[in-house]
Each structure stands twice: as C-alpha cells, then as structure tokens.
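A.B. asks: coords please:
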Amino acid sequence: MNTSPVNPGADRPYRLDPAGGCPHAPNARLLAQGAVAPVVLPGEVRGMAVLGHDVLKEFLAHPDVAKNARHFAALQAGEIADGWPLKTFATVQGMTTADGDDHRRLRSLMGKAFTARRVEELRPYVAELTARLLDGLEEAAAEDGAADLRAHFALPLPMGVICELLGVDEAHHDRLHHLSNQLVATDIGPAEVMAANRETAETLSAVVAAKAADPGNDLTSAMIAAREEDGDRFSPQELIGTLMLTIVAGHETTLNLITNAVRALCAHRDQLDLVLSGSASWADVVEETLRWDSPVSYFPFRYPTRDLTLDGTLIPRGTPVLAGYSAAGRDTRAHGPDAATFDITRTGPRHLSLGHGAHYCLGAPLARLEATTALEQLFTRFPALDLAAPDPELPRHRSFVGNSVRRLPVRLRG
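C.D. replies: Just a heads-up that it's a prediction; the model follows:
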C-alpha cells in the first residue's frame, strides 16, 4: 500500500453532477491528478472516489473496507437526511450492503440461480425472447425505418429475463423499470426518492404475497421457502431488499451494456466488420464495451473501517467511497496510452466493470449471455443498423451511477 504524503488536491474536491452526463472527460482530468479523488455528493455530503484500475482492484478486495452502512460515519451521526438520493444504496438490506457471514448467507441462495448450469438452461429462453423483441423493433420502425432500440429491445430483454427468473408478472415490468430509474437517479428531490422507495416496497411485497399464496418454480418462491424453513435466513426486509437489488442490478446494467455496445459498434464500423467477418467474437465486443464504456460509472458505497492511504491519498475511516468503474476502464496506467480507443482485439488486464473480490457481480454470466445473444441476433439481422441521431445529442442518464443514454434512435437498415 502506498504511504506517500496525502494528495494535496484533497482540499479541492470534485463536485459530481447529480444530472449525470458523459463521464469520460471528467474522469480523464481526475485520473491525471491521481487514482483517488475527493468528491462532493448531492446534499453537500463529502466522499471519495477510487478511479485508477490498480488501486480500485486493491480497494474492492481490501480487508479493511466494508459495505454495511453502520460504518458510514455521517449516516450514523444523523447527518444524512431522509430522501437523500443515494440513501437507498446505503441502507437497503441485501447482498450489496452486507459483510462477512451475513453477505455469505444472503449470497448463497442467490448463487444457485446464477450457476453456469442455470444460465445455460436460460439460453433458449433468451434467444427466443431476443428474436421476438427484434420482430417488435422492426414493426416499430416500419413507418419511417427508425425506432428507439433502447425502449423496444435493450430494455425489455434483460427485464424480461430477470423477471422470468424471479417469477414477476409481466404486468409489473414497466412500472418496476420506472421505479428502478428513480432509485438510481441522483438528481431527484427527497419527496420523489421516498415515494419511489415506498412504491417499490409495496409492489414487491405484493409479488411476495402472491408467491407465498401460490408458489412457483422461480427464485422468489425459493427465497420464501428458505425463509420459512430457517427463520433467520431471510428477514422480510432482506427478502424485499434482495428482490429490489436483483431487479435493479439485473436489468439496468445489462440494458446499459447492450445500449453502449450498439453505440460503440455504430461509431466503429471497422470493429463491427471484424465480428461480422469472423475475425473477432461477440464476446470480445461485450468485454471491450465493459471496459471502454462501463454500464456503471460510480457505484456507491464502500467504507474504510480504519483510515486508509491509497495512491498517496488519505481516505478517513467511515467515508462513503464510490467505485469509479468507468474511469478505471480508461486508466492509461493499466490499459496503455490507447485506453480511450475502442478495440475489441485488445489484450491486457481484465476490466473491473463487474466488480472484484467477494462482491463480484453474481449475475455476470447471465449478463454476458444476454448481451452476446442480443448483439449477435441484432447485427446478423440488421448488419447496416446505424444511429438515427448523433451520439453526442442523445440524452444521458439522470445519474452519475448509471452510464448510458436514455434513448437510442436507430435506423435498422442504415
């Protein structure tokens, strides 16, 4: 661990824009100053962001870094108001806010739903749903040749798959996506935040009640059964929190991954040609997209359980720390001077966009299956597909957590 003097830039924190925006230019400026940056979160809450690839890898697996909000000093001191837009990330009860035995307990049952065998069993369903959604995309583009690929394809695919796993009725999909957007937004007010949390809990409580009355062959029913067989396995709050986290993480990130991959390929036709000619694979596209334009920009939160000095910067005990995945993906110290170049033939260190250590993304195999299936079917069917609006003009996420655009108008035949 680097123990050189504390970064002199620490008294000039970077103010994260609650409205989001493209992160890459600000990330490059921050990385030029160091791998760790002090930041100001919404509501004037002070935090830190770990941006450099090597330092982030160390931080994510550090034994003196926790996920449980009991280590969040400002929260425990009563300095974080209800309705703070990032509070749900800290306080929701589930795998992403648990440590040690609690984390292992909550992850063990969920892990059974995301084994390589279970994911492989989903392959025919993913392929069939992808083909059906492409039919719908083509119908949506029938009038003038253009359609919103995000709304008609990139969104309903992962939402459909994760809700199939959980046994959530299709009638809830659109509303749950809207609520998910609210939960990850960083530019909304306290009343909206609390309303979204309340409605999400009510909706998922209704799902749980329906499954308790009429269990099915799905993950929600399995979680309920596990809770009934062993009362301390899943508390009611943990069950709702786990469902919330699974739905948000299970579709928002894959939605962004597919959207960002399509944008990247449309902007780099030479890379698309490599895949279509058989010189590279769709898996190569997915991995390079994860590195080059991570679906998640800054993920909240981790907390040092003692003062830590990383890359010469002190991170005081109890500080809320963001994992800067989009920055780490373009860190020239790890990925070379051409880190800002989209190159699906790249070799070098593996990206960190799906995490590292005990909290590595449980759904990574499923996300990869969905994204490779989506891209292969999409560009096999529409090889001349292109954007119908300039990429810089596309509206960005209202969040510095998610990294993508809110609309993706495309012309299916160029």
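A.B. asks: centroid-nearest residue for this protein?
C.D. replies: Nearest residue to the geometric centre of the chain (Cα atoms, centre = their mean): T253, 3.7 Å.
A.B. asks: now do the contacts for that residue.
C.D. replies: If a contact means Cβ atoms under 8 Å, 6 or more residues apart in numbering, then T253 has 295-296, 361, 367, 402 as its contacts. Where C-beta positions appear, they are placed from N, C-alpha and C, glycine not excepted.
A.B. asks: my read is it is in a strand, agree?
C.D. replies: No: assessed with DSSP: H, G, I helix; E, B strand; the rest coil, T253 is helix; it does not lie in a strand.
A.B. asks: measure it to P236 for me?
C.D. replies: When distance is defined by Cβ to Cβ, to the nearest Å, T253 is 26 Å away from P236.
A.B. asks: just E393 next, same as before
C.D. replies: With distances defined as Cβ to Cβ, the gap from E393 to P236 amounts to 45 Å.
A.B. asks: which stretches of the stretch 251-400 of the chain form strands?
C.D. replies: Ranges of strands within the stretch 251-400 of the chain are 298-304, 308-310, 313-315, 321-324, 386-387, based on DSSP state E, counting those that start in this stretch.
A.B. asks: name the surrounding residues that touch the longest one.
C.D. replies: In this case it means strand 298-304. For strand 298-304, the external contacting residues (Cβ under 8 Å, 6+ apart) are 16, 23, 47, 49, 59-60, 62, 64-69, 71-73, 86, 89-90, 315-326, 400-401.
A.B. asks: dump it to CSV, restricted to CA.
C.D. replies: As requested, the backbone C-alpha atoms of strand 298-304 are provided in CSV (Å, rounded to 0.1, in the frame of the first residue of the first chain):
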residue,chain,number,x,y,z
TYR,A,298,-19.6,5.5,-9.9
PHE,A,299,-21.1,2.7,-7.7
PRO,A,300,-22.0,3.6,-4.1
PHE,A,301,-20.8,2.7,-1.4
ARG,A,302,-17.9,1.2,0.5
TYR,A,303,-16.5,2.5,3.8
PRO,A,304,-13.0,2.1,5.3
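A.B. asks: partner strands of that strand, parallel or antiparallel?
C.D. replies: strand 65-66 (antiparallel), strand 321-324 (antiparallel) (DSSP bridges).
A.B. asks: quick one: the shortest one to chain centroid distance?
C.D. replies: It refers to strand 65-66. Computed by Cα atoms, centre = their mean, to the nearest Å, the chain-centroid distance of strand 65-66 equals 20 Å.
A.B. asks: and for stretch 125-140?
C.D. replies: Taking mean C-alpha positions (Cα atoms, centre = their mean), stretch 125-140 and its chain are 23 Å apart.
A.B. asks: give me the buried positions along it.
C.D. replies: Of the residues in stretch 125-140, those scored as buried under the neighbour-count criterion (16 or more other Cβ atoms under 10 Å) are 126, 129-130, 133-134, 137-138, 140.
A.B. asks: got it, and stretch 214-228?
C.D. replies: Buried residues in stretch 214-228, counting neighbours by 16+ other Cβ under 10 Å, are found at 218-225, 227.
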